[in-house]
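1. how would this look folded up:
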Amino acid sequence: MKRLLLFFTSVLLLSGCNKSVIYKEYHTFENYTWPRFEKIRFTIPVETAGTTADIVFTLRHITQYPYPDLPVNIVMTTPSGEERVLEKDIRLTDDKGEFTGDVAGDLWDYETPLWPSFYFADKGNYTVEIEVIIPKVEIPGLVDVGLYVNKK
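-> Numbering: from 1, shown residues only. A predicted model of the protein is given here:
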């Protein structure tokens, strides 16, 4: 009986934590490689105008990722056609050159806010397009990138 109560309490707590995440999507790279000119596109459906939420970028890479950072160019297009451009250098290592983030075996998980407290003024689809801007043909060591929206 005690185990059953603990199970239901855990399910209740976990389901309560996810109510604030209103969108989550990932793009997985074939052979752990992001081709230089491949833009990753996410479409965030917004059903209610006036929503405020954090838009967060996630990255999973392997220990053999060869760079200390991941410079990206990000373009958000609102339902009204307005574009917001963000060039971001996502720092993956500390001052000693060691990866930061959460590690499990050979996989590193990292996340960073792109637009904290973003105000979704319009109802409709918001498109976020992400392009890596490292001047190499292929960027090795990347498992996936993602985007989630966490409602305030």
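2. C-alpha from now on. contacts and neighbour counts both.
-> Will do.
3. give me the element the nearest residue to Thr78 once chain neighbours are set aside is part of.
-> In space, and not counting its chain neighbours, Thr78 is closest to Tyr126: 4.7 Å by Cα to Cα, 6 or more residues apart in numbering. Element membership of Tyr126 [criterion: DSSP states H and E] is strand 124-132.
4. Partner strands of that strand, with direction?
-> Next to strand 124-132 in the sheet, as set by DSSP bridges, lie strand 40-46 (antiparallel), strand 69-77 (antiparallel).
5. which residues are contacting it?
-> Residues from elsewhere that reach strand 124-132 (Cα atoms under 8 Å, 6 or more residues apart in numbering): 36-47, 70-79.
6. Please list the outside residues in contact with the longest strand along the chain.
-> Using DSSP state E to define each element, the chain has its longest strand at strand 107-120. For strand 107-120, the external contacting residues (Cα under 8 Å, 6+ apart) are 46, 49-63, 90, 92, 99-103, 152.
7. now do 7 Å
-> 49-63, 101-103 (Cα atoms under 7 Å, 6 or more residues apart in numbering).
8. ok and it relative to strand 69-77, angle-wise?
-> Relative orientation of strand 107-120 with respect to strand 69-77: 30 degrees, computed using axes from the mean of the first three to the mean of the last three Cα atoms, to 10 degrees.
9. Pull out the buried residues from strand 107-120.
-> Residues of strand 107-120 classed as buried: Leu107, Trp108, Asp109, Tyr110, Glu111, Leu114, Phe118, Phe120 (neighbour count, 16 or more other Cα atoms under 10 Å).
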